[in-house]
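Visitor: Below are the sequence and a predicted model for it; my questions follow.
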Amino acid sequence: MPVIFFILWVIFNGRVTTEIILTGLPVTILVSLFSYRLTGYSPASDIRLLRNLFLFFLYVLNLIREIMVSASSVMLMILRGQAPEPVIIEFHSGFESKMQNVLLANSITLTPGTITMFQEGDRFVIHCLRPEYGRGIDDSSFVRLLRRIK
């Protein structure tokens, strides 16, 4: 986080001089310490994020692919004139981390044809336009990738 704050400091100043660097270093360190204290975020979180950066990148690519596949499926359903057969599915993700559960809930909602109606802890209630949209959701590519994130 301090590195990101420092880069923003330089960008907002529009130039790189000794004065900007010498002023920016203590300012970004103080802002980082303040944000750590205020949000509960820690340098350990930065290290964990860096270790998992490649997995997050894979997750975003997978999310984009799943959105495109699901959008095509919903579009075909509409073009064929098929009526939706709404179904509500409940499952447990098995994740203890709030971040993993929130990422999963948002990914499900971003994917056309499915909406996360309720998420508390690792319990999810999902609304699907058709029963097949919810099949295997508890072992989807989202869940498999999130299991690899430590």
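Guide: Looks like it arrived, so ask away. Note that the structure is a prediction, hence the values are computed from the model and not measured.

Visitor: Least confident secondary structure element in the chain?
Guide: helix 43-51 (a mean of 77; mean pLDDT, DSSP states H and E).

Visitor: can you give me the offset of whichever helix or strand comes after that one from its chain's centre?
Guide: Sequence-wise, the next helix or strand downstream of helix 43-51 (DSSP states H and E) is helix 53-79. Distance, stretch centre to chain centre, for helix 53-79: 13 Å (CA atoms, centre = their mean, to the nearest Å).

Visitor: Give me the angle between helix 53-79 and helix 43-51.
Guide: 70 degrees (axes from the mean of the first three to the mean of the last three CA atoms, to 10 degrees).

Visitor: name the helices or strands packed onto helix 53-79?
Guide: helix 98-110, helix 141-148 (3 or more CB pairs under 8 Å, 6 or more residues apart in numbering; DSSP states H and E). Any C-beta I mention is one placed from the backbone N, CA and C, and that applies to glycine too.

Visitor: Of these, which is nearest residue 131?
Guide: helix 98-110 (15.4 Å; CB to CB).

Visitor: Could you pull up the mean pLDDT of the closest one?
Guide: When pLDDT is averaged along helix 98-110, the result is 92.

Visitor: just how off-centre is that helix within its chain?
Guide: With CA atoms, centre = their mean, you get 6 Å for helix 98-110.

Visitor: Report the buried residues of stretch 43-54.
Guide: residue 46 (16 or more other CB atoms under 10 Å).

Visitor: Quick one: distance of that stretch to the chain centre.
Guide: Using CA atoms, centre = their mean, the offset of stretch 43-54 from its chain centre is 14 Å.
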